[in-house]
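Visitor: got a sequence here, can you model it:
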Amino acid sequence: MVTADLVKQLRERTGAGMMECKKALVATHGDADAAAEQLRVQGLAKADKKSSRVAAEGILVIERSGLKAAMVEVNCETDFVAKQDDFQGFARTVAARALASGVVDVAPLLAQRDAGGQPLEEVRKSLVAKIGENISVRRIAALTAPTALGSYLHGTRIGCLVALKGGTEELARDIAMHASAMNPEYVSAAEVPAEILEKERAIFAEQVKGEHKPAEILARMIEGKLRKRLAEVTLLGQPFVKDDKLTVEKLLKSAGAEVTGLVRYEVGRGIEKKTGDFVAEVMATVKGAH
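Guide: Numbers count the residues shown, from 1 in each chain. Okay, here's the model as predicted:
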């Protein structure tokens, strides 16, 4: 006999809905283990169906040990789910396994097992079935510092890791905080690809085309504009957020330090989000329920 208490126990065990639990218990003649397995199989099938849905919300998690750190971005579909304990717990587990294993590719990382011996991919699919949203591990970064490691999380949506040769932990964290706020595209001008430099020069050449000045002066104007632009997009060229009279490059030199690694993530950056009339979607759902 399928009792309300048995349904309640199965729901707590699996996270599935009340009616789904009742149906599974009826189908398995009250065998809770068989019902749980049936729900798991059904849930994994649902998870596969949800895998094509856009997941642009989520959180960043940083795990570190000594001079090593790992940062992961785990996505979901709504900010509501991003705040749930189950989702955040899964993200922390993924980050911990990334740090322990050194794996930075998503597929092999999800093949790693959690503390209970279950592959992370199976944990992810079970969570999708329980929560009802697509959940994905988007990217992983790992960094090892020669001397000092800085990590910074702004809430759960912007994160940065910085590795220094020379300098202190405090300096490394300050640089990570700066990069989180200022979003440099490159560490130094030497990292900027030649094609980007040429494109910028072409833009500035167009801007000074109307100036009635000798060619050599125009050339210097173009290079001046280019230097200013490079200062904006490179970590070393930017004014330090805590003291804008000082560039990051000068700050590092005064401490006898150099940046050997920099990773900055922002949740959902680069993911094309679905746009639409939310009110209209809700109304359509309500009408469809009648």
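
Visitor: domains for the protein, by residue range?
Guide: 4-50, 51-144, 189-249 (automatic domain parsing).

Visitor: winner for burial among those?
Guide: Ranked by mean neighbour count, the domains of the chain are led by domain 51-144 with a mean of 18 (mean count of other C-beta atoms under 10 Å). Every C-beta, even on glycine, is put in place using the N, C-alpha and C of the backbone.

Visitor: with mean pLDDT and distance to V259 added, can I get the domains of the chain in JSON lines?
Guide: Converted to JSON lines, the domains of the chain look like this (pLDDT from 0 to 100; distance: least, C-beta to C-beta, whole Å):
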{"stretch": "domain 4-50", "mean pLDDT": "71", "distance to V259": "40"}
{"stretch": "domain 51-144", "mean pLDDT": "92", "distance to V259": "11"}
{"stretch": "domain 189-249", "mean pLDDT": "88", "distance to V259": "7"}
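
Visitor: JSON lines for these, including distance to G261?
Guide: Below are the domains of the chain laid out as JSON lines (distance: least, C-beta to C-beta, whole Å):
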{"stretch": "domain 4-50", "distance to G261": "35"}
{"stretch": "domain 51-144", "distance to G261": "5"}
{"stretch": "domain 189-249", "distance to G261": "11"}
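
Visitor: the ones you listed: which one's closest to E266?
Guide: The closest of the domains of the chain to E266 is domain 51-144. By C-beta to C-beta, the value is 8.2 Å.

Visitor: what ranges do the helices span in this structure?
Guide: Using DSSP state H, the helices of the chain run over residues 4-14, 18-27, 32-50, 79-82, 85-101, 106-110, 120-131, 169-182, 194-207, 215-233, 248-254, 278-288.

Visitor: so which of the domains of the chain is nearest I158?
Guide: If we rank the domains of the chain by C-beta to C-beta, the stretch that ends up nearest is domain 51-144, at 7.2 Å.

Visitor: report the distance from that closest one to the chain centre.
Guide: 9 Å (C-alpha atoms, centre = their mean, to the nearest Å).

Visitor: show me the contacts for L60.
Guide: Residues near L60 by C-beta atoms under 8 Å, 6 or more residues apart in numbering: 71-73, 153, 156-159, 265, 267.

Visitor: buried subset of the residues you listed?
Guide: Among the contacts of L60, the ones that count as buried by 16 or more other C-beta atoms under 10 Å are 71-73, 153, 157-159, 265, 267.

Visitor: which among those gets closest to G89?
Guide: Nearest member of the buried ones among the contacts of L60 to G89, counting by C-beta to C-beta, is V72, at 13.1 Å.

Visitor: isn't G167 right up against A145?
Guide: No - the criterion here is C-beta atoms under 8 Å, and G167 misses it with A145 at 9.6 Å.

Visitor: quick one, which of the helices of the chain is nearest to A56?
Guide: Nearest of the helices of the chain (C-beta to C-beta): helix 79-82, 10.1 Å.

Visitor: packing partners of the closest one?
Guide: strand 57-65 (3 or more C-beta pairs under 8 Å, 6 or more residues apart in numbering; DSSP states H and E).

Visitor: what's the angle from the strand it packs on to helix 169-182?
Guide: 170 degrees (axes from the mean of the first three to the mean of the last three C-alpha atoms, to 10 degrees).

Visitor: contacting residues around the residue lying closest to A205 once chain neighbours are set aside?
Guide: Taking C-beta to C-beta, 6 or more residues apart in numbering, and ignoring the residues beside it in sequence, A205 has I222 as its nearest neighbour in space, at 5.6 Å. Counting by C-beta under 8 Å, 6+ apart, I222 makes contact with 201, 204-205, 208.

Visitor: recalculate using a threshold of 6 Å.
Guide: For I222, the contact set (C-beta atoms under 6 Å, 6 or more residues apart in numbering) comprises 201, 204-205.
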